[in-house]
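Student: Provided below are the primary sequence and the corresponding predicted coordinates.
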Amino acid sequence: MTPRLALEGLQVRAGDRTLLGPLDLDLRAGECLGLVGESGSGKSLTVLSLLGLLPPGLVATGTLRLDGQAIAFDSKPHRALRGRAIAWMPQDPQASLHPLRTVGRQLCESLRALRGIDAAAAKTEAVALFARLQLPEPAAMLERYPHQLSGGQRQRVLLALALAGAPQVLLADEPTSALDPRLARETLDLLDRLRRELGLSVLLVSHDLPLVAAYAQRVAILRRGELVERGDAAAVFAQPQHEYTRELLAAEHLPPPEQAAPGPLLLDIAALSVTYPRAPAPALSNASLQLHRGECLALVGESGSGKSTLGRAVLRLARSGTAGRIALDGEDLLAAGTGRLRALRRRIGVVFQDPYASLDPRLRVVDLIAEPLRIHGIGDPASRQAKARALLADVGLDPGLARHWPHQLSGGQRQRVAIARALATDPDLLVCDEAVSALDAHHRAGVLALLARLKRERGLALLFITHDFGAARALAERTVVITDGRIVATGRTADVLAGAVRAG
């Protein structure tokens, strides 16, 4: 049988350097092919090559075949496939959707451009697409803006945009990396149903090996631009032949943390409630928890459960509608004035989910790490730079990266830089908000091991906000589960997560 899509000898080059390939892949009609590899393996270059969207300076060579017809890369016929025969579902819906336009307007624009239909027909088709993707009240949904939707709803809007041109091939690029486990399963269940109903060929690009194993019929493993293993997904994951595949699978199984006696109480939260302006109900209600020095407390919950709201409250970023008590070493953060709050914030570091978004692209690595020292007036320029370089080494990075820009680093390296920056003021408390959810298995394991070491060596208290049960098991001695803004379970991590799995 002729594959629906085939890559023959694909190479991506930057001048004399080969970044990807030569790569041979084929995708059959109605099939899901998983493309797996760590950051920098070539997954994104493969997708961008298929779309004809490589950055300037990169050139793709080889042959692309669609239903047996050869098409030259970056030719006019190749560009004509984009959005029509080959569609793309990008990773981050928040960044991909225009924040100032309703989702209906964005979808109708795509329908009119790709199908050549008028405004009335586009609106009718948009409602039908939203209904097919199980979005609630499809006609009303058209009038909403991206910020008014949940993460799962935004992801379905991206899928609707991808389906606007009735494609034969869908490139799903890390479609679940920002979603909690339930929403990830729902999204992939939907993709799987569409694959079967529409005969879609799906290239599922992911670093989440268990999800790929569950939904892909075949899998291809990339490492540093080379295809190292491919075959039936069940067979590859059951008996991997290449050492790299075995390493990836091993990185998914993380050991539990070393148990140690907790230190003195550091963070004491009592009866904390947060209500956002014009919200019909509190985002967080009557939450109470305690965190000791040298301890990691995982805060687990689905998207919209209130876990990030609690983290924002601890950082005093929820500016109004906050009631209760947040005590750091006995001093109430909510009652602190401007000057005192600045001093208290020096004792709290924060690591965000997306290091690429949270690191200023205009600053070199050494200046990024030294920035908190400059803000708090600590040391002179020379001592700040020296401390920044020492922190680079402390988080397992080569100090030679000090003069690099963020875009020159891998995802794992950027997150280590973000951790180094958070440690610059020698904080007592580190708040990690989904700090490993965007990382592949290798980098996730490395960053979790780094956080465990820093906690142990520095006596840090870690508030670890996550929807990743595996990460919580590997790092946290205790876990709190939040549902609909309320704490519903607290206790030893193994016991709490076992109960959460049974309840799910």
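Tutor: Noted; the coordinates are in hand. None of these values were measured; they are calculated from a predicted model. Numbering: from 1, shown residues only.

Student: In terms of helices and strands, where is residue 8?
Tutor: Assessed by DSSP states H and E, residue 8 sits inside strand 5-14.

Student: again with residue 246
Tutor: Residue-wise, residue 246 maps onto helix 243-251 under DSSP H and E.

Student: And the helix or strand that that helix is followed by, what does it pack against?
Tutor: Scanning forward in sequence from helix 243-251, with DSSP H and E defining helices and strands, the next element found is strand 265-274. Here strand 265-274 touches strand 284-292, helix 307-314, strand 322-328, strand 461-466, going by 3 or more C-beta pairs under 8 Å, 6 or more residues apart in numbering; DSSP states H and E. All C-beta spots, glycine's among them, are computed from the backbone N, C-alpha and C.

Student: quick one, which of these is nearest to residue 38?
Tutor: Residue 38 lies closest, by C-beta to C-beta, to one member of the helices and strands packed on strand 265-274: strand 461-466, at 19.9 Å.

Student: What are the buried residues along the helix holding residue 246?
Tutor: In terms of neighbour count (16 or more other C-beta atoms under 10 Å), helix 243-251 has its buried residues at 244, 245, 248, 249, 251.

Student: what about it, distance to the chain center?
Tutor: Chain-centre distance of helix 243-251: 21 Å, with C-alpha atoms, centre = their mean, to the nearest Å.

Student: cool, and stretch 472-489?
Tutor: Using C-alpha atoms, centre = their mean, the mean C-alpha position of stretch 472-489 is found 20 Å from that of the whole chain.

Student: Can I get it in CSV? Just the C-alpha atoms.
Tutor: The C-alpha trace of stretch 472-489 is given here as CSV (Å, rounded to 0.1, in the frame of the first residue of the first chain):
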residue,chain,number,x,y,z
ALA,A,472,5.3,14.5,42.8
ARG,A,473,6.2,10.9,43.8
ALA,A,474,9.9,11.5,42.9
LEU,A,475,10.3,14.7,44.8
ALA,A,476,7.7,15.3,47.5
GLU,A,477,7.5,13.8,51.0
ARG,A,478,4.0,15.1,51.4
THR,A,479,1.2,16.0,48.9
VAL,A,480,-1.9,18.2,49.0
VAL,A,481,-4.7,17.7,46.5
ILE,A,482,-6.8,20.6,45.4
THR,A,483,-10.2,20.3,43.6
ASP,A,484,-12.4,23.2,42.7
GLY,A,485,-10.5,25.6,44.9
ARG,A,486,-10.6,23.4,48.0
ILE,A,487,-8.0,21.1,49.7
VAL,A,488,-9.5,17.6,49.6
ALA,A,489,-6.5,15.5,50.8
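
Student: can I get the helices and strands packed on strand 265-274 in a markdown table with distance to residue 256, mean neighbour count and mean pLDDT?
Tutor: Shown next, in a markdown table, are these (distance: least, C-beta to C-beta, whole Å; neighbours: other C-beta atoms under 10 Å; pLDDT from 0 to 100):
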| stretch | distance to residue 256 | mean neighbour count | mean pLDDT |
| --- | --- | --- | --- |
| strand 284-292 | 18 | 19 | 92 |
| helix 307-314 | 21 | 24 | 88 |
| strand 322-328 | 28 | 18 | 91 |
| strand 461-466 | 14 | 26 | 92 |
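
Student: Quick check, residue 320 in contact with residue 274.
Tutor: No - checked against C-beta atoms under 8 Å, the pair residue 320 and residue 274 is beyond contact range at 9.3 Å.

Student: Of the two, give the one with the bigger neighbour count.
Tutor: Using other C-beta atoms under 10 Å, the more surrounded residue of residue 320 and residue 274 is residue 274, with 22 against 8.

Student: picking up where we left off before, what about the helices and strands packed on strand 265-274, which gets the closest to residue 408?
Tutor: Residue 408 lies closest, by C-beta to C-beta, to one member of these: strand 461-466, at 27.8 Å.
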